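*Asks:* How does the following fold in three dimensions:
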Amino acid sequence: MTTPAASTSLPYHRLARLTGRHRWWRPLLGVPLLAGGWLLLVIVVDTVSYAVGTVAGRPELRDGSIDFGLLPTTALELSYIAFMLPLVLLAVRWTERRPAGSVSSVAGRLRWGWLMRCSAVAVPAVALLAVASFLLPTSEEESTATDQWVGLPAFLTSMAVLAVFVPLQAAAEEYVFRGWMMQAVGGFLRSPWCAVLPQAVLFAAAHGWGTPWGFADLLVFALIAGWLTIRTGGLEASVALHVMNNLMGFGLAATTVDGLASDETAADLPWQIAAVDTMTSLLYAAAVLWLARRKPPQRLAIPAVIARPTTLSTLPHYTSHVAYAPGPYPAPTATTPYGPGHRPEPPHGSGAPAAPPPVHPGTDERPAQ
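*Replies:* Sure thing, here's the model as predicted:
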């Protein structure tokens, strides 16, 4: 016997209740799995990379790490963040007992067609930001600095490496903040804004405390990404914008010598670039919502039906409406097997035709009562 897990369809931020197995402690159990698993992976990879660098004779930096060069070091740092992506999927599957694909979208998977359409919209928005980065004035130190072009072969090599690691890094951040975190809060609170606001603040804080404009830009980006995630039923729109934005940022840094050595993040943006970035995010959101109105993606998930054990208390109770004559009964005869005058009353009243009494072959006596 089966019982539905919920009576109505669920929006994206409520998918923690998709299977009916949600308990208050399940999302909390995912925190040590994410933190501990990530720390373990970082230690293992860092140890292996240190051993490889030592055997290869690479120089050691002041912080104790191995100097593999700017591009390999950048790829290694991006991979550290990308480790969170499989850990989120495992946390959802193991601790919350629901499909890992429910973090991607309400369809239970990553909707590649919708992701490609959102990526096509993100390209012109990010291109506008790239043009603004060249044209708008910044601080005096940056404006007087001379940046040397790395050359086309080095730039293409960097972009090939970044095209592999940056999407994984950006997607991992989306799966952590707009995915697992929003659904963890949404498992307790129905309001979508209660799920969007906490992740936005934590996302901005995770990038460090740079300029007030940079922090505000990150906060607005996270709010827009969370809102689009709920409105479109999945992470595709936020992943597309995040990937294109980061590819543009790392790509611009890769154009100059030692550009990838900078430790600045989006939190360090000046107010001019932060203002343009916020505007492009808003334009992107408007374009995605326009696409969603033309061909709406799935926004709600149908709750699963889980099997529950059947007990005597869950069985339906039936009452009989058939009236039986009280005993004792006389000996049956050939014409009246239950005895003269003691035929059972018809189940639907005296006016309805009576069902024939049962015949017991092989015996001439009524069964024991």
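
*Asks:* And the residue nearest the centre of the chain?
*Replies:* Val103 (1.8 Å; C-alpha atoms, centre = their mean).

*Asks:* any idea how far that one lies from Gly226?
*Replies:* Distance of Val103 to Gly226, given as C-beta to C-beta, to the nearest Å: 14 Å. C-beta here means a position set from N, CA and C on the backbone, and glycine is covered the same way.

*Asks:* what does Trp149 give?
*Replies:* Applying C-beta to C-beta to Trp149 and Gly226 gives a distance of 38 Å.

*Asks:* Tell me, how many residues neighbour Ala122?
*Replies:* Here the number of neighbours of Ala122 (other C-beta atoms under 10 Å) works out to 25.

*Asks:* again, but for Phe203
*Replies:* A count of nearby residues for Phe203, using other C-beta under 10 Å, gives 22.

*Asks:* what's the helix or strand for the closest residue to it other than its chain neighbours?
*Replies:* Nearest residue to Phe203 in three dimensions, chain neighbours excluded: Ala222, at 4.1 Å (C-beta to C-beta, 6 or more residues apart in numbering). Using DSSP states H and E, Ala222 sits within helix 212-232.

*Asks:* Which is the succeeding secondary structure element to that helix?
*Replies:* Per DSSP H and E, the helix or strand that comes after helix 212-232 is helix 236-254.

*Asks:* helices or strands up against that next one?
*Replies:* The contact analysis (3 or more C-beta pairs under 8 Å, 6 or more residues apart in numbering; DSSP states H and E) places helix 236-254 against helix 112-135, helix 152-174, helix 212-232, helix 271-294.

*Asks:* Ok, which of those helices comes nearest Gly57?
*Replies:* Nearest to Gly57 among the helices and strands packed on helix 236-254 is helix 152-174; the distance by C-beta to C-beta comes to 22.3 Å.

*Asks:* buried sites along whichever helix or strand comes after the closest one?
*Replies:* Using DSSP H and E, the helix or strand that directly follows helix 152-174 along the chain is helix 182-186. The neighbour-count check on helix 182-186 (16 or more other C-beta atoms under 10 Å) flags 182-186 as buried.

*Asks:* Helix 182-186 - contacts with which helices or strands?
*Replies:* In this structure, helix 182-186 makes packing contacts with helix 192-206, helix 212-232, judged by 3+ C-beta pairs under 8 Å, 6+ apart.

*Asks:* where along the stretch 1-150 of the chain do the strands fall?
*Replies:* Using DSSP state E, counting those that start in this stretch, the strands of the stretch 1-150 of the chain run over residues 2-4.

*Asks:* ranges for the helices of it?
*Replies:* For the stretch 1-150 of the chain, helices defined by DSSP state H, counting those that start in this stretch occupy the ranges 25-56, 70-82, 84-94, 112-135, 140-144.

*Asks:* Give me the helices and strands touching the third one, please.
*Replies:* Yep, that's helix 84-94 we're talking about. Checking 3+ C-beta pairs under 8 Å, 6+ apart, helix 84-94 ends up next to helix 25-56, helix 152-174.

*Asks:* just how off-centre is the last one within its chain?
*Replies:* So the one you mean is helix 152-174. Put simply, helix 152-174 sits 23 Å off its chain's centre (C-alpha atoms, centre = their mean, to the nearest Å).

*Asks:* surely Leu269 meets Asp277?
*Replies:* Yes. Look at Leu269 against Asp277 with C-beta atoms under 8 Å: they come within range, at 6.8 Å.

*Asks:* can you tell me which residues contact the spatially closest residue to Pro198 that is not a sequence neighbour?
*Replies:* Nearest residue to Pro198 in three dimensions, chain neighbours excluded: Val185, at 5.9 Å (C-beta to C-beta, 6+ apart). Counting by C-beta atoms under 8 Å, 6 or more residues apart in numbering, Val185 makes contact with 13, 194-195, 198-199.

*Asks:* So among those residues, which ones count as buried?
*Replies:* Looking at the contacts of Val185 with 16+ other C-beta under 10 Å, the buried ones turn out to be 13, 195, 198-199.

*Asks:* Give the rounded mean pLDDT of the helix holding Ala222.
*Replies:* Mean pLDDT, computed over helix 212-232, is 96.

*Asks:* and it, how far from the chain's centre?
*Replies:* Relative to its chain's centre, helix 212-232 lies at 17 Å (C-alpha atoms, centre = their mean).

*Asks:* Asp258: which of the contacts of Val185 is nearest?
*Replies:* Among those, and counting by C-beta to C-beta, the member closest to Asp258 is Gln199, at 33.9 Å.

*Asks:* doesn't Phe177 make contact with the closest one?
*Replies:* Yes. At 4.5 Å, Gln199 counts as touching Phe177 under the criterion of C-beta under 8 Å.

*Asks:* Now do the contacts for Arg98.
*Replies:* Contact analysis of Arg98 by C-beta under 8 Å, 6+ apart lists 15-16, 18-19, 21, 92.

*Asks:* make it 6 Å
*Replies:* 18-19 (C-beta atoms under 6 Å, 6 or more residues apart in numbering).

*Asks:* State the distance from it to Glu173.
*Replies:* Arg98 is 22 Å from Glu173, where distance means C-beta to C-beta.

*Asks:* can you redo the helices and strands packed on helix 182-186 as TSV with distance to Arg293?
*Replies:* Shown next, in TSV, are the helices and strands packed on helix 182-186 (distance: least, C-beta to C-beta, whole Å):
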stretch	distance to Arg293
helix 192-206	19
helix 212-232	10
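
*Asks:* which stretch among these comes nearest Leu40?
*Replies:* Proximity to Leu40 (C-beta to C-beta) singles out helix 192-206 among these, at 19.8 Å.

*Asks:* other SSEs contacting the closest one?
*Replies:* helix 182-186, helix 212-232 (3 or more C-beta pairs under 6 Å, 6 or more residues apart in numbering; DSSP states H and E).
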